[in-house]
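S.K.: only geometry, no sequence info:
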Ligand code: NAD
């Protein structure tokens, strides 16, 4: 077979796999209100991951002490999702680690390193796919500027699902982007449901549908179809380029409430939003599916922080925000509020520069306030 035929054959296989994925998309939702025992998996990750997770575990131990003792909550350390083990096994998520993960209901995960180039897929992308975590929810708020945004990023499709499966021909490389009806409908439904139940009146759909006509065109059309079931919510459309500018436009940015986007745009713009809030070290993120959910900081493993010997200043605020989201997800809203309130009231901020507040001393202060 020549190279063109091989590429076409590989594309045909991709299309068949995607059609199969859609067939298995619907599953029953876990009901945490009636579950007698919930298992929380803790994954350290790489780089600053184990350091910030150490602080997150101290806080979790205090908040869930009674439930861990009574057995209504089981906390399980999951080993082996490290860059060393993943490279050795040549698997983004080694099989035995995935088996452990699937025994849990929810996960709190430290950041994981993705080697640049090469064939190794990101552990996050693999986990989102394997656990079908289709909604990536990222809240950003700045009280004194009246900013209260919640981003609903589609998490299992777009450029990411086939990101490691592109084809190369002589002098040419092609990647693939996929958007499905069901995949879009369920993320749109999740965003509108959130808006409806949290008093939000505006939802903004963000794409590049003027250029990516098929995939983003479908995304926009389906989101508008879903919107018809939510007459109390005003819906508007933006292209990702102007939306990126909108977030730094102080005249209008406080008017945005819920933002619904495909995977890649959501990935990029939520880092911008987190930076506006105070840096990627300050934002938490939830990856939610019907059966499983995974909570994490929005940032990566910060290898430069370690190289510079500044690991004590790895900020755990991001993973603690994710921990609060996890507690809310498993219907422990009272405990989530205690943590959020302690974080709001905490006078300290992790900082290398002036105050010298380390991740550990910041967490000491949080524990005092709980
Ligand atoms: P990064 O988010 O790790 O770091 C970006 C900048 O933010 C750096 O200056 C870093 O020092 C700083 N920073 C990040 N978290 C911080 C914290 N808690 N406290 C203080 N400063 C913090 O981004 P990167 O350098 O582009 O990525 C490093 C690795 O992480 C890559 O391998 C990337 O693929 C991976 N990554 C993983 C995830 C994840 O697991 N969810 C997300 C993004 C990137």
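M.R.: That came in fine, so what should we check first? The shown structure was predicted, so the numbers you read here are calculated from the model rather than taken from an experiment.
S.K.: so residue 138 sits right up against residue 191, yeah?
M.R.: No: Residue 138 is beyond contact range of residue 191, at 11.8 Å (criterion: C-beta atoms under 8 Å). Where C-beta positions appear, they are placed from N, C-alpha and C, glycine not excepted.
S.K.: which residues of the stretch 101-250 of the chain lie near the ligand?
M.R.: Contacts of the stretch 101-250 of the chain with the ligand, taken as C-beta under 6 Å from any ligand atom, map to 111, 112, 113, 114, 124.
S.K.: apply 8 Å and report the result again.
M.R.: Residues of the stretch 101-250 of the chain lying close to the ligand (C-beta under 8 Å from any ligand atom) are 109, 110, 111, 112, 113, 114, 115, 116, 122, 123, 124.
S.K.: inside strands: which ones of the residues you listed?
M.R.: Secondary structure from DSSP state E places residue 109 of these in strands.
S.K.: how about whichever residue of the chain sits closest to the ligand, secondary structure?
M.R.: Residue of the chain nearest the ligand, by C-beta to the nearest ligand atom: residue 300 (2.2 Å). Classification of residue 300 by DSSP: H, G, I helix; E, B strand; the rest coil places it in coil.
S.K.: with residue 32 instead?
M.R.: Going by three-state DSSP: residue 32 is coil.
S.K.: wait, it touches residue 330, no?
M.R.: Yes: using C-beta under 8 Å, residue 32 is in contact with residue 330, at 4.7 Å.
S.K.: okay, and the common contacts of the two?
M.R.: Common neighbours of residue 32 and residue 330 (criterion: C-beta atoms under 8 Å, 6 or more residues apart in numbering): 38, 105.
S.K.: who has more neighbours out of these two?
M.R.: When neighbours are counted by other C-beta atoms under 10 Å, residue 32 and residue 330 differ, and residue 330 comes out ahead with 21 against 14.
S.K.: next, count neighbours for the spatially closest residue to residue 44 that is not a sequence neighbour.
M.R.: Once flanking residues are discounted, residue 44 sits nearest to residue 50: 4.1 Å by C-beta to C-beta, 6 or more residues apart in numbering. Neighbours of residue 50 under the rule other C-beta under 10 Å: 16.
S.K.: residue 50 falls within a strand, correct?
M.R.: No: according to three-state DSSP, residue 50 belongs to no strand; its state is helix.
S.K.: pretty sure residue 12 sits in a helix.
M.R.: Yes: in this structure, residue 12 lies within a helix as judged by three-state DSSP.
S.K.: distance check, it against residue 254.
M.R.: To residue 254, residue 12 is 48 Å away according to C-beta to C-beta, to the nearest Å.
S.K.: rewinding a little: of residue 138 and residue 191, give the one with the bigger neighbour count.
M.R.: Each of residue 138 and residue 191 has its neighbours counted (other C-beta under 10 Å); residue 191 has more, 30 against 25.
S.K.: still on that earlier bit, ok, and the most crowded of the residues of the stretch 101-250 of the chain next to the ligand?
M.R.: residue 109 (27 neighbours).
S.K.: which pLDDT value goes with that residue?
M.R.: Note for residue 109: predicted pLDDT of 98.
S.K.: check the secondary structure at the residue nearest to residue 147 when sequence neighbours are not counted for me.
M.R.: The spatially closest residue to residue 147, leaving aside those adjacent along the chain, is residue 254, at 5.5 Å (C-beta to C-beta, 6+ apart). Three-state call for residue 254 (three-state DSSP): helix.
S.K.: how many residues are close by residue 254?
M.R.: 14.
S.K.: residue contacts, it?
M.R.: Taking C-beta under 8 Å, 6+ apart as the test, what residue 254 contacts is 145, 146, 147.
S.K.: go with 10 Å
M.R.: 142, 145, 146, 147, 148, 149 (C-beta atoms under 10 Å, 6 or more residues apart in numbering).
S.K.: what sits closest to residue 369 if chain neighbours are left out?
M.R.: residue 342 (3.8 Å).
S.K.: nope, residue 133 is what I was after
M.R.: Per C-beta to C-beta, 6+ apart, closest to residue 133 is residue 287, 3.8 Å.
S.K.: would you reformat the residues of the stretch 101-250 of the chain next to the ligand as TSV and include distance to residue 76?
M.R.: Output for these, formatted as TSV (distance: C-beta to C-beta, whole Å):
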residue	distance to residue 76
109	13
110	15
111	19
112	18
113	23
114	24
115	27
116	31
122	23
123	18
124	20
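S.K.: mind checking which of the residues of the stretch 101-250 of the chain next to the ligand are in helices?
M.R.: Here DSSP state H is the test, and these give 123, 124 as lying in helices.
S.K.: the residues of the stretch 101-250 of the chain next to the ligand: which two are farthest apart?
M.R.: Maximum pairwise distance among those (C-beta to C-beta): 20.8 Å, between 109 and 116.
S.K.: so which bits of the helix or strand hosting residue 225 are buried?
M.R.: Assigned by DSSP states H and E, residue 225 falls within helix 215-227. Of the residues in helix 215-227, 215, 216, 217, 218, 219, 220, 222, 223, 226, 227 count as buried by neighbour count, 16 or more other C-beta atoms under 10 Å.
S.K.: perfect, I'm done here.
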